[in-house]
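Q: from the sequence below, what's the structure:
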Amino acid sequence: MIHTKDKQAEREELQQATRYFIRSLVRTGESVALLPITRLPRELRQHFLAAGREFTCGWAALVREFASGIEELAKETGTSTSDGEDAHAPGAAGESQETWSGVQKL
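A: From the prediction side, this is the model:
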């Protein structure tokens, strides 16, 4: 019983040390990546960082809109079948299983 508690405490300590190490690596990498920007005058640095935030927000909005468009398309195609079966299922619309399996192999 004591042995398992020691192992669990050791595991938790190792996980915490790993988190701290990875966090420090990320911070170091961020500092190195931003080093050229930190050398800029204050006004230019603020402008550059604001532009980076706007760029990131723009990409996030674009991806979000793209995902919602795909979801809408999936909902529309999912409800377009009349009897609830998938129109692309094997054997649909008179297809034989051989034809369908041949298509899947391509």
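
Q: CA only for contacts and neighbour counts going forward, please
A: Fine.

Q: show me how this protein divides into domains.
A: According to automatic domain parsing, the chain comprises the domains 10-39, 41-78.

Q: got these as a markdown table, with mean pLDDT columns?
A: Listed next are the domains of the chain as a markdown table, based on pLDDT from 0 to 100:
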| stretch | mean pLDDT |
| --- | --- |
| domain 10-39 | 94 |
| domain 41-78 | 93 |
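
Q: any chance of TSV for those, columns mean neighbour count and distance to T4?
A: TSV is the format used below for those (neighbours: other C-alpha atoms under 10 Å; distance: least, C-alpha to C-alpha, whole Å):
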stretch	mean neighbour count	distance to T4
domain 10-39	12	10
domain 41-78	12	45
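
Q: relative to H3, which of the ones you listed is closest?
A: domain 10-39 (10.5 Å; C-alpha to C-alpha).

Q: output stretch 17-36 as CSV, nothing but the C-alphas.
A: What follows is stretch 17-36, C-alpha atoms only, in CSV (Å, rounded to 0.1, in the frame of the first residue of the first chain):
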residue,chain,number,x,y,z
ALA,A,17,8.4,18.6,-13.6
THR,A,18,7.6,17.7,-17.2
ARG,A,19,4.9,20.4,-17.4
TYR,A,20,7.3,23.0,-16.0
PHE,A,21,10.0,21.9,-18.4
ILE,A,22,7.7,22.0,-21.5
ARG,A,23,6.3,25.4,-20.4
SER,A,24,9.9,26.8,-20.0
LEU,A,25,10.7,25.5,-23.5
VAL,A,26,7.7,27.2,-25.0
ARG,A,27,8.5,30.5,-23.2
THR,A,28,12.1,30.3,-24.5
GLY,A,29,11.0,29.6,-28.0
GLU,A,30,8.5,32.5,-27.8
SER,A,31,11.2,34.8,-26.6
VAL,A,32,13.5,33.8,-29.4
ALA,A,33,10.8,34.2,-32.0
LEU,A,34,9.8,37.6,-30.8
LEU,A,35,13.4,38.9,-30.3
PRO,A,36,13.4,40.9,-33.6
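
Q: how far is that stretch from where the chain is centred?
A: On the basis of C-alpha atoms, centre = their mean, to the nearest Å, stretch 17-36 sits 21 Å off its chain's mean C-alpha point.
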